[in-house]
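[1] Next one to model:
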Amino acid sequence: MSDITGITSAKALGEDLFELMPNSSSQYEAALSTLKGEESRPEIFKYEKGPTRESIFLEFTNFPKQELNGPIEGGIVIVRDVTGHNGSEATEIGSHRLLIDIIEGSTDPIFAKDREHRYLIINSFAASQLNSTPDQLIGKSDPEILPPEILPIIFETDSRILESGETEIMEEQVADRIWLAKKWPLRDDEGQVIGLAGISKDITDRKEFEAQLKKSTELSESLNRINTRILRELDFKKIIAEIGLESMSAIGCDGVAVFIQEDDGWHLESSHGIPEGAVGTLINEDEFPHIAVVKQTKEPLVFNNKVSTENISTVFREAGFCCLLSVPMIIGEKVIGVISFCYIESKNFTELEFDFAKKLAVSISLALESARLYSTELNISETLQEALLVVPGKIEDLDFGHLYRSATVEAIKAGGDFYDIFELEDDHVGIIIGDVSGKGLEASALTSMAKNAVKAYSFQSRRPAQIMATANKYFCKEGYQEVFATIFFGLLNKRNGDMLYCSAGHPPPLVKRTDGEVLKLTTRSPAIGIMPDLDFRENLVRLDHGDILICYTDGVIEARHGQEFFSEEGLIDLARNLDNPKPGNLPKLILNEISRYSDGRLDDDIAILTLAR
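    Numbering: from 1, shown residues only. A predicted model of the protein is given here:
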């Protein structure tokens, strides 16, 4: 106001507005009608400035100051010099009102405050978050309207911006929501900070998704580490001791117990967070009701009751547990054990946690079986290979088939072939097939690591080349020297059939078109595990309805008849000559032809995965 009245702000404090501007037109007095509770609208009036009585145009915007549902105690007046704005007051008013309408129409909170933290502007959406309207909040300060639990958060950041005069972007936790806020200082013509303005965006859903994604990656990596330990160790007691601590950290439980069924009954084999005296003892099923239920149903069981724990065993009650997630450990059709994750507080389990618990139970089951049958590595290899080749029974809008056959030569050693197909968000599907060099348990451990690494990182990125590069670095870090893996990874959009793929040293998949032609996917990259810093390439192919993707490992094309290989050309000819095959039956058709060609002799494992929209 000093530029208009010639009086400094310090001298103007406490003075009457009309005494400060005695030579003004009486018309602007009408703008102060908002102090009577009427709707605030910017108005422009002519004013004769100073001794020279120079005519200028001022815009007045007024806001009443009142307590909630109380009397109006005063008002806030914003005055702006709009002289010379194209000579059109109407245009200026329209522009200002348009800005107000834009702010008001936003579905994000928008506000402006003075240095005393009083609201000069606040839109309806922001006011609604405080169960109020803009008219009820204009002129009030944060301490008057913000809940005590929120005030310190907002007050601290706002005060910092008013003091520093710097724009800040921050995340603010308000009640159960997370907001991404941008706040910046408001300055007068002299550059002094007179307030601040801000806009916020509710990012709660995004943060929850990021947290879920992070948790998924953590659980996958934890499972990788557990599987690696299991496959390198045949001492079951040592295995479950290590697994217990790892799984507690991964799933966030307060205790874990592993029950094993022996010939003489059930034993509490290992535990963490449970009195040590119970470990290793023979127990009665009646004392642990959850064991009988899981044994009968062969399904996970949740007991969650903070109020009544009468159905939980005395051992668990004495340890303070009221919530259990118990999962069966199954070999063949028999429940050989139960793993229970124990919690002191009630808990709602997520799908990620259920999935981790079930996969861990499979891994422990394999570890126990391996310890019992370590002298017969073939049995271990077959069980392990089945675990690595588990795929969903059905995926909507897709028809697929898969097949694995061990080599007939050196079948005592576990192979490194693997495949998987799994659903991602936004109607995308991940497709993996690969082969880890070498044989035996160490190769199988790295097979699990390679498969799960690619799968886990596919939840973080939609770029196969980037996924493969990240998996390669992880494989090089955690794997063995002179061991590598060839992997094909495709990311299929079920809606339009577009598939981005990266083939890391793997035999090129084929696409059999509906017109009978066969396309070979030739874009290739180096195998993973050779060195950490390698460049990987990706390409795009369209799978129209009825087109069949044929993925395979090198055992298919390296099947021998005498000194001759079945070869890529042989597979292409076979695919071309098959008349309208179904994806579910195609792997068996290919295997039959290979077996006929090689007289039933397989020098290497064979894995085949076929798919069509």
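[2] was I right about residue 485 contacting residue 526?
    No. Using Cβ atoms under 8 Å, residue 485 makes no contact with residue 526, being 11.0 Å away. Just so you know, the C-beta spots here come from the backbone N, C-alpha and C atoms, and that holds for glycine as well.
[3] roughly how far apart are residue 253 and residue 240?
    As judged by Cβ to Cβ, to the nearest Å, residue 253 and residue 240 stand 15 Å apart.
[4] Ok, residue 581 next?
    Distance from residue 581 to residue 240, counting by Cβ to Cβ: 46 Å.
[5] for the stretch 51-200 of the chain, what spans make up the helices?
    89-105, 124-128, 134-137, 142-145, 151-164 (DSSP state H, counting those that start in this stretch).
[6] by contact count, what packs against the last one?
    Spelled out, that is helix 151-164. Judged by 3 or more Cβ pairs under 8 Å, 6 or more residues apart in numbering; DSSP states H and E, the packing partners of helix 151-164 are helix 142-145, strand 168-174, strand 177-187, strand 193-202.
[7] I'd like the ones you listed as TSV, with distance to residue 518, mean neighbour count and mean pLDDT appended.
    Shown next, in TSV, are the helices and strands packed on helix 151-164 (distance: least, Cβ to Cβ, whole Å; neighbours: other Cβ atoms under 10 Å; pLDDT from 0 to 100):
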stretch	distance to residue 518	mean neighbour count	mean pLDDT
helix 142-145	69	15	90
strand 168-174	52	14	86
strand 177-187	50	17	90
strand 193-202	50	18	92
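[8] residues in contact with residue 427?
    By Cβ atoms under 8 Å, 6 or more residues apart in numbering, the contact list for residue 427 reads 493-495.
[9] burial of residue 490, as a residue count?
    24 (other Cβ atoms under 10 Å).
[10] element containing it?
    Assessed by DSSP states H and E, residue 490 sits inside strand 485-493.
[11] Just the CA trace of that strand, in PDB.
    Backbone C-alpha positions of strand 485-493 (Å, rounded to 0.1, in the frame of the first residue of the first chain) are rendered in PDB as follows:
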ATOM      1  CA  ALA A 485      22.600 -68.900 -18.200                       C
ATOM      2  CA  THR A 486      20.700 -68.400 -21.500                       C
ATOM      3  CA  ILE A 487      17.300 -66.800 -21.000                       C
ATOM      4  CA  PHE A 488      14.500 -65.600 -23.200                       C
ATOM      5  CA  PHE A 489      12.100 -63.100 -21.500                       C
ATOM      6  CA  GLY A 490       9.000 -61.800 -23.200                       C
ATOM      7  CA  LEU A 491       6.500 -59.200 -22.000                       C
ATOM      8  CA  LEU A 492       3.200 -59.700 -23.700                       C
ATOM      9  CA  ASN A 493       0.300 -57.200 -23.800                       C
END
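[12] For it, name the packing helices and strands.
    So strand 485-493, by 3+ Cβ pairs under 8 Å, 6+ apart, packs with strand 428-436, helix 440-457, helix 464-478, strand 498-504, strand 548-552.
[13] Could you check how far that strand is from the centre of its chain?
    Distance, stretch centre to chain centre, for strand 485-493: 21 Å (Cα atoms, centre = their mean, to the nearest Å).
[14] circling back: now mean neighbour count, mean pLDDT and distance to residue 264 too, for the helices and strands packed on strand 485-493, in CSV please.
    Putting these into CSV (neighbours: other Cβ atoms under 10 Å; pLDDT from 0 to 100; distance: least, Cβ to Cβ, whole Å) gives the following:
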stretch, mean neighbour count, mean pLDDT, distance to residue 264
strand 428-436, 24, 94, 40
helix 440-457, 23, 80, 30
helix 464-478, 21, 91, 40
strand 498-504, 23, 97, 50
strand 548-552, 26, 97, 48
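[15] Out of these, the one nearest residue 597 is which?
    Of all these, strand 548-552 sits nearest to residue 597, with 14.2 Å by Cβ to Cβ.
[16] Identify the residues contacting that closest one?
    If you take Cβ under 8 Å, 6+ apart as the criterion, strand 548-552 is touched by 419, 431, 433, 488, 490, 499, 507, 509-512, 543, 571, 575, 581, 583, 586, 590, 606-612.
[17] rerun that using 6 Å as the cut-off
    Defining contact as Cβ atoms under 6 Å, 6 or more residues apart in numbering, one finds that strand 548-552 is touched by 433, 488, 509-512, 583, 608-612.
[18] Now go through the residues you listed and say which are in strands.
    Of those, the ones assigned to strands by DSSP state E are 433, 488, 510-512, 608-612.
[19] In ChimeraX, select just the buried ones from these.
    Selection command for ChimeraX covering only the buried members of the ones in strands among the contacts of strand 548-552, criterion 16 or more other Cβ atoms under 10 Å:
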select :433,488,510,511,512,608,609,610,611,612
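[20] List just the nearest of the ones in strands among the contacts of strand 548-552 to residue 425.
    Nearest to residue 425 among the ones in strands among the contacts of strand 548-552, with distances taken as Cβ to Cβ, is residue 611, at 19.0 Å.
[21] which residues does residue 119 contact?
    Residues near residue 119 by Cβ under 6 Å, 6+ apart: 113, 137-138.
[22] Format the residues you listed as a markdown table; extra columns: neighbour count, pLDDT and distance to residue 401.
    Converted to a markdown table, the contacts of residue 119 look like this (neighbours: other Cβ atoms under 10 Å; pLDDT from 0 to 100; distance: Cβ to Cβ, whole Å):
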| residue | neighbour count | pLDDT | distance to residue 401 |
| --- | --- | --- | --- |
| 113 | 23 | 92 | 64 |
| 137 | 21 | 91 | 63 |
| 138 | 22 | 89 | 67 |
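[23] got the contacts of strand 548-552 as a markdown table, with distance to residue 205 columns?
    Converted to a markdown table, the contacts of strand 548-552 look like this (distance: Cβ to Cβ, whole Å):
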| residue | distance to residue 205 |
| --- | --- |
| 433 | 34 |
| 488 | 34 |
| 509 | 37 |
| 510 | 41 |
| 511 | 37 |
| 512 | 41 |
| 583 | 36 |
| 608 | 40 |
| 609 | 35 |
| 610 | 37 |
| 611 | 32 |
| 612 | 34 |
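[24] Can you say which helix or strand has residue 361 in it?
    Counting by DSSP H and E, residue 361 is found in helix 351-372.
[25] Can you tell me what sits against that helix?
    215-216, 219, 223, 226-227, 230, 234, 236, 239, 247, 251, 325, 327, 329, 331, 339, 380, 383, 387.
[26] quick one on the thing from earlier: which one of the helices of the stretch 51-200 of the chain lies closest to residue 561?
    helix 124-128 (73.6 Å).
[27] From the contact counts, what lies against the helix ranked longest in the chain?
    Counting residues, the longest helix in the chain under DSSP state H turns out to be helix 204-232. Packed against helix 204-232 by the contact rule (3 or more Cβ pairs under 6 Å, 6 or more residues apart in numbering; DSSP states H and E) you find strand 177-187, helix 236-251, helix 351-372, helix 440-457.
[28] one more time with 10 Å, if that's ok
    strand 168-174, strand 177-187, helix 236-251, helix 351-372, helix 377-388, helix 440-457, helix 464-478 (3 or more Cβ pairs under 10 Å, 6 or more residues apart in numbering; DSSP states H and E).
[29] can you put these in TSV and add distance to residue 423?
    Output for those, formatted as TSV (distance: least, Cβ to Cβ, whole Å):
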stretch	distance to residue 423
strand 168-174	31
strand 177-187	28
helix 236-251	22
helix 351-372	12
helix 377-388	19
helix 440-457	11
helix 464-478	16
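[30] All set, thanks.
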